[in-house]
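Chemist: missing the sequence, but the structure's below:
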DNA sequence: TTTGCATATGCCCATATGGGAATGTAGTCC
DNA sequence: GGACTACATTCCCATATGGGCATATGCAAA
(Lines give C-alpha, C1' and ligand atoms only; values in the text may rest on other atoms or scores of the structure.)
Protein backbone atom coordinates (compact mmCIF):
# COMPACT_ATOMS: atom_id res chain seq x y z
CA UNK A 1 0.00 0.00 0.00
CA UNK A 2 0.99 3.58 -0.48
CA UNK A 3 -0.11 6.66 1.30
CA UNK A 4 -3.80 7.20 1.80
CA UNK A 5 -5.53 9.15 -0.92
CA UNK A 6 -6.12 12.82 -0.36
CA UNK A 7 -9.72 12.17 -1.29
CA UNK A 8 -10.09 9.46 1.31
CA UNK A 9 -11.18 11.83 4.04
CA UNK A 10 -11.18 15.41 5.20
CA UNK A 11 -7.98 15.02 7.18
CA UNK A 12 -6.03 14.11 4.10
CA UNK A 13 -7.67 16.73 1.95
CA UNK A 14 -6.83 19.44 4.42
CA UNK A 15 -3.23 18.37 4.85
CA UNK A 16 -2.32 20.30 1.71
CA UNK A 17 -1.55 23.97 2.53
CA UNK A 18 -2.97 25.36 -0.70
CA UNK A 19 -6.23 23.61 -0.13
CA UNK A 20 -6.45 25.22 3.28
CA UNK A 21 -5.81 28.58 1.67
CA UNK A 22 -8.58 27.93 -0.80
CA UNK A 23 -10.94 27.09 2.02
CA UNK A 24 -9.90 30.22 3.88
CA UNK A 25 -10.67 32.25 0.82
CA UNK A 26 -14.01 30.57 0.27
CA UNK A 27 -14.97 31.23 3.87
CA UNK A 28 -15.40 34.82 2.74
CA UNK A 29 -17.89 33.83 0.10
CA UNK A 30 -18.36 32.31 -3.32
CA UNK A 31 -15.47 32.56 -5.75
CA UNK A 32 -14.77 31.56 -9.30
CA UNK A 33 -11.83 29.37 -10.19
CA UNK A 34 -9.88 32.16 -11.81
CA UNK A 35 -10.60 34.39 -8.83
CA UNK A 36 -9.06 31.84 -6.56
CA UNK A 37 -6.12 31.33 -8.86
CA UNK A 38 -5.45 35.06 -9.00
CA UNK A 39 -5.89 35.60 -5.28
CA UNK A 40 -3.53 32.82 -4.32
CA UNK A 41 -1.09 33.15 -7.19
CA UNK A 42 -1.71 29.64 -8.47
CA UNK A 43 -2.16 28.28 -11.97
CA UNK A 44 -5.71 27.56 -13.01
CA UNK A 45 -5.25 23.80 -13.57
CA UNK A 46 -3.83 23.37 -10.10
CA UNK A 47 -6.71 25.23 -8.58
CA UNK A 48 -9.17 23.05 -10.47
CA UNK A 49 -7.41 19.96 -9.23
CA UNK A 50 -7.43 21.12 -5.63
CA UNK A 51 -11.07 22.05 -5.91
CA UNK A 52 -11.79 18.61 -7.23
CA UNK A 53 -10.29 17.04 -4.15
CA UNK A 54 -12.20 19.40 -1.91
CA UNK A 55 -15.37 18.56 -3.78
CA UNK A 56 -14.80 14.85 -3.42
CA UNK A 57 -14.56 15.07 0.34
CA UNK A 58 -17.56 17.37 0.50
CA UNK A 59 -15.80 20.51 1.63
CA UNK A 60 -16.97 22.70 -1.24
CA UNK A 61 -19.94 22.96 -3.57
CA UNK A 62 -20.12 24.26 -7.10
CA UNK A 63 -22.68 26.33 -8.89
CA UNK A 64 -22.57 27.16 -12.55
CA UNK A 65 -23.00 30.76 -13.50
CA UNK A 66 -22.56 31.41 -17.18
CA UNK A 67 -19.22 30.16 -18.21
CA UNK A 68 -17.94 30.43 -14.69
CA UNK A 69 -18.14 27.94 -11.88
CA UNK A 70 -18.65 29.46 -8.50
CA UNK A 71 -17.30 27.48 -5.59
CA UNK A 72 -18.58 27.88 -2.07
CA UNK A 73 -17.47 26.50 1.24
CA UNK A 74 -19.16 23.62 2.99
CA UNK A 75 -17.79 24.38 6.42
CA UNK A 76 -19.60 21.60 8.25
CA UNK A 77 -17.32 19.16 6.51
CA UNK A 78 -14.57 20.29 8.83
CA UNK A 79 -16.41 19.19 11.91
CA UNK A 80 -14.69 15.79 12.12
CA UNK A 81 -11.36 17.55 12.29
CA UNK A 82 -12.63 19.98 14.87
CA UNK A 83 -14.13 17.21 16.95
CA UNK A 84 -10.99 15.15 16.92
CA UNK A 85 -8.57 17.93 17.72
CA UNK A 86 -10.98 19.36 20.27
CA UNK A 87 -10.27 16.44 22.54
CA UNK A 88 -6.78 17.82 22.98
CA UNK A 89 -7.77 21.32 24.02
CA UNK A 90 -6.81 20.68 27.60
CA UNK A 91 -3.18 20.51 26.57
CA UNK A 92 -2.89 24.19 25.78
CA UNK A 93 -5.69 25.89 27.65
CA UNK A 94 -4.10 27.51 30.61
CA UNK A 95 -5.56 30.92 31.36
CA UNK A 96 -8.20 30.65 34.03
CA UNK A 97 -10.96 32.48 32.23
CA UNK A 98 -10.59 30.37 29.15
CA UNK A 99 -10.42 27.33 31.34
CA UNK A 100 -13.69 28.39 32.91
CA UNK A 101 -15.29 28.64 29.51
CA UNK A 102 -13.88 25.29 28.61
CA UNK A 103 -15.17 23.62 31.75
CA UNK A 104 -18.52 25.24 31.28
CA UNK A 105 -18.85 23.87 27.81
CA UNK A 106 -17.62 20.51 28.94
CA UNK A 107 -20.32 20.43 31.57
CA UNK A 108 -22.99 21.23 29.03
CA UNK A 109 -21.79 18.46 26.81
CA UNK A 110 -21.92 15.91 29.61
CA UNK A 111 -25.38 17.03 30.59
CA UNK A 112 -26.78 16.73 27.12
CA UNK A 113 -25.16 13.36 26.82
CA UNK A 114 -26.90 12.15 29.96
CA UNK A 115 -30.22 13.71 29.13
CA UNK A 116 -30.55 13.73 25.38
CA UNK A 117 -34.01 15.20 24.97
CA UNK B 1 7.20 17.99 -6.96
CA UNK B 2 5.32 15.24 -5.24
CA UNK B 3 3.08 15.32 -2.27
CA UNK B 4 4.24 17.16 0.80
CA UNK B 5 6.10 15.03 3.32
CA UNK B 6 4.20 13.73 6.29
CA UNK B 7 6.94 15.20 8.41
CA UNK B 8 6.54 18.64 6.91
CA UNK B 9 3.94 19.76 9.41
CA UNK B 10 1.38 18.63 11.91
CA UNK B 11 -1.45 18.63 9.39
CA UNK B 12 0.30 16.07 7.25
CA UNK B 13 1.40 13.98 10.19
CA UNK B 14 -2.14 13.79 11.50
CA UNK B 15 -3.68 12.90 8.16
CA UNK B 16 -2.79 9.26 8.75
CA UNK B 17 -5.52 7.48 10.74
CA UNK B 18 -3.18 5.20 12.64
CA UNK B 19 -1.14 8.13 13.80
CA UNK B 20 -4.28 9.70 15.17
CA UNK B 21 -5.06 6.47 16.98
CA UNK B 22 -1.59 6.47 18.47
CA UNK B 23 -2.08 10.02 19.66
CA UNK B 24 -5.45 9.10 21.11
CA UNK B 25 -3.82 6.28 22.99
CA UNK B 26 -0.99 8.44 24.24
CA UNK B 27 -3.46 11.01 25.48
CA UNK B 28 -4.17 8.51 28.25
CA UNK B 29 -0.56 8.43 29.29
CA UNK B 30 2.88 7.16 28.49
CA UNK B 31 3.13 3.96 26.51
CA UNK B 32 5.86 1.72 25.23
CA UNK B 33 6.15 0.84 21.57
CA UNK B 34 5.02 -2.71 22.04
CA UNK B 35 2.12 -1.52 24.18
CA UNK B 36 0.95 0.67 21.34
CA UNK B 37 1.43 -2.07 18.81
CA UNK B 38 -0.58 -4.50 20.89
CA UNK B 39 -3.34 -2.03 21.68
CA UNK B 40 -3.85 -1.04 18.08
CA UNK B 41 -3.10 -4.36 16.47
CA UNK B 42 -0.17 -3.06 14.48
CA UNK B 43 3.24 -4.51 13.78
CA UNK B 44 6.08 -3.12 15.81
CA UNK B 45 8.07 -1.70 12.87
CA UNK B 46 5.04 0.22 11.63
CA UNK B 47 4.46 1.69 15.04
CA UNK B 48 8.09 2.73 15.26
CA UNK B 49 7.79 4.41 11.87
CA UNK B 50 4.65 6.26 12.80
CA UNK B 51 6.19 7.34 16.07
CA UNK B 52 9.16 8.62 14.17
CA UNK B 53 6.94 10.87 12.11
CA UNK B 54 5.09 12.07 15.17
CA UNK B 55 8.41 12.76 16.85
CA UNK B 56 9.68 14.75 13.89
CA UNK B 57 6.73 17.10 13.97
CA UNK B 58 6.98 17.42 17.73
CA UNK B 59 3.76 15.65 18.65
CA UNK B 60 5.36 13.08 20.91
CA UNK B 61 8.37 12.80 23.18
CA UNK B 62 10.40 9.77 24.12
CA UNK B 63 11.95 8.66 27.32
CA UNK B 64 14.14 5.66 27.76
CA UNK B 65 13.29 3.28 30.52
CA UNK B 66 15.42 0.20 30.58
CA UNK B 67 15.17 -1.45 27.22
CA UNK B 68 11.84 0.18 26.60
CA UNK B 69 11.13 3.53 25.08
CA UNK B 70 8.16 5.29 26.61
CA UNK B 71 6.37 7.70 24.33
CA UNK B 72 4.25 10.52 25.64
CA UNK B 73 1.96 12.99 23.97
CA UNK B 74 2.90 16.57 23.26
CA UNK B 75 -0.62 17.84 22.91
CA UNK B 76 0.26 21.48 22.37
CA UNK B 77 1.57 20.51 18.98
CA UNK B 78 -2.01 20.13 17.83
CA UNK B 79 -2.85 23.73 18.57
CA UNK B 80 -2.19 24.91 15.00
CA UNK B 81 -4.76 22.44 13.73
CA UNK B 82 -7.22 23.48 16.39
CA UNK B 83 -6.68 27.14 15.68
CA UNK B 84 -7.14 26.74 11.98
CA UNK B 85 -10.24 24.59 12.10
CA UNK B 86 -11.64 26.68 14.92
CA UNK B 87 -12.18 29.52 12.50
CA UNK B 88 -14.87 27.40 10.88
CA UNK B 89 -16.86 26.68 14.00
CA UNK B 90 -19.53 29.15 12.96
CA UNK B 91 -20.50 26.86 10.14
CA UNK B 92 -21.96 24.27 12.42
CA UNK B 93 -22.63 26.12 15.64
CA UNK B 94 -25.23 28.80 15.23
CA UNK B 95 -26.03 29.48 18.83
CA UNK B 96 -25.36 28.00 22.20
CA UNK B 97 -29.02 27.12 22.49
CA UNK B 98 -28.55 24.67 19.70
CA UNK B 99 -25.62 23.00 21.39
CA UNK B 100 -27.66 19.95 22.27
CA UNK B 101 -28.80 19.56 18.71
CA UNK B 102 -25.26 20.04 17.64
CA UNK B 103 -24.07 17.23 19.87
CA UNK B 104 -26.71 14.88 18.59
CA UNK B 105 -25.84 15.60 15.03
CA UNK B 106 -22.20 15.17 15.87
CA UNK B 107 -22.73 11.65 17.04
CA UNK B 108 -24.87 10.74 14.07
CA UNK B 109 -22.37 12.14 11.64
CA UNK B 110 -19.52 10.11 13.04
CA UNK B 111 -20.51 7.33 10.70
CA UNK B 112 -20.90 9.24 7.44
CA UNK B 113 -17.54 10.81 7.00
CA UNK B 114 -17.21 9.98 3.37
CA UNK B 115 -18.67 12.19 0.68
CA UNK B 116 -18.71 10.77 -2.83
CA UNK B 117 -18.44 13.11 -5.72
C1' DT C 1 -20.94 28.17 -36.87
C1' DT C 2 -17.04 30.43 -35.39
C1' DT C 3 -14.57 32.78 -32.02
C1' DG C 4 -13.19 33.34 -27.38
C1' DC C 5 -13.02 32.95 -22.47
C1' DA C 6 -13.50 29.87 -18.25
C1' DT C 7 -12.72 25.21 -16.41
C1' DA C 8 -11.67 20.55 -16.39
C1' DT C 9 -8.88 16.83 -17.59
C1' DG C 10 -5.04 14.04 -19.31
C1' DC C 11 -0.24 12.97 -19.49
C1' DC C 12 4.46 12.85 -17.71
C1' DC C 13 7.51 12.65 -13.87
C1' DA C 14 10.03 13.31 -9.54
C1' DT C 15 8.94 12.30 -4.98
C1' DA C 16 7.14 10.43 -0.75
C1' DT C 17 4.60 7.18 1.00
C1' DG C 18 3.25 2.97 4.21
C1' DG C 19 3.32 -2.02 4.57
C1' DG C 20 6.16 -6.44 4.89
C1' DA C 21 10.21 -8.67 5.97
C1' DA C 22 14.77 -8.78 7.39
C1' DT C 23 18.30 -6.87 9.81
C1' DG C 24 20.70 -3.66 12.97
C1' DT C 25 21.15 -1.70 17.57
C1' DA C 26 20.71 -1.08 22.42
C1' DG C 27 19.80 -2.49 26.98
C1' DT C 28 19.13 -6.38 30.50
C1' DC C 29 20.11 -10.56 32.68
C1' DC C 30 22.60 -15.02 33.01
C1' DG D 1 30.96 -13.19 27.06
C1' DG D 2 26.28 -14.96 25.26
C1' DA D 3 21.30 -15.09 25.03
C1' DC D 4 17.25 -12.53 25.02
C1' DT D 5 14.11 -8.67 24.61
C1' DA D 6 12.57 -4.05 22.89
C1' DC D 7 13.04 -0.82 19.22
C1' DA D 8 14.83 1.31 15.13
C1' DT D 9 16.22 1.13 10.57
C1' DT D 10 16.77 -0.55 5.86
C1' DC D 11 15.30 -2.41 1.51
C1' DC D 12 11.72 -3.32 -1.80
C1' DC D 13 7.50 -2.03 -4.02
C1' DA D 14 2.76 -0.67 -5.32
C1' DT D 15 0.48 3.54 -5.14
C1' DA D 16 -0.84 8.31 -5.00
C1' DT D 17 0.69 12.55 -5.37
C1' DG D 18 1.05 17.68 -7.19
C1' DG D 19 3.23 20.61 -10.59
C1' DG D 20 3.86 21.86 -15.60
C1' DC D 21 1.94 21.70 -19.81
C1' DA D 22 -1.14 20.64 -23.51
C1' DT D 23 -5.66 19.83 -24.63
C1' DA D 24 -10.53 18.93 -24.23
C1' DT D 25 -14.92 20.63 -22.71
C1' DG D 26 -18.47 24.10 -21.56
C1' DC D 27 -20.72 28.23 -22.26
C1' DA D 28 -21.76 32.73 -24.51
C1' DA D 29 -21.70 36.22 -27.95
C1' DA D 30 -21.03 37.61 -32.77
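Modeler: All right, it came through fine. Fair warning: this is a prediction, and the values are worked out from it, not measured in the lab.
Chemist: Distance of residue A:90 relative to chain B?
Modeler: Distance from residue A:90 to chain B, counting by C-beta to the nearest C-beta, to the nearest Å: 7 Å. Using the backbone N, CA and C atoms, a C-beta is placed for each residue, glycine as well.
Chemist: State whether that residue is indeed within a helix.
Modeler: Yes - secondary structure of residue A:90 (DSSP: H, G, I helix; E, B strand; the rest coil): part of a helix.
Chemist: mind checking pLDDT for it?
Modeler: pLDDT recorded at residue A:90 is 88.
Chemist: do residue A:109 as well
Modeler: 58.
Chemist: now do the one 4 residues further on
Modeler: Model confidence at residue A:113, given as pLDDT, is 53.
Chemist: same deal with residue A:101?
Modeler: 64.
Chemist: In chain A, which residue sits closest to DNA strand D?
Modeler: Residue nearest to DNA strand D within chain A (C-beta to the nearest atom of the strand): residue A:2, separated by 2.6 Å.
Chemist: Let's verify that residue: helix, strand, or coil?
Modeler: Assigned by three-state DSSP, the conformation of residue A:2 is coil.
Chemist: Grab the nearest non-local neighbour of the residue nearest in space to the middle of chain A.
Modeler: Geometric centre of chain A, nearest residue: residue A:78, 3.9 Å, by C-alpha atoms, centre = their mean. In space, and not counting its chain neighbours, residue A:78 is closest to residue B:88: 4.7 Å by C-beta to C-beta, 6 or more residues apart in numbering or on different chains.
Chemist: and chain A, which residues reach DNA strand D?
Modeler: Residues of chain A lying near DNA strand D by C-beta under 7 Å from any atom of the strand: A:1-3, A:5-7, A:16, A:18, A:43, A:45-46, A:49-50, A:53, A:64, A:66-67.
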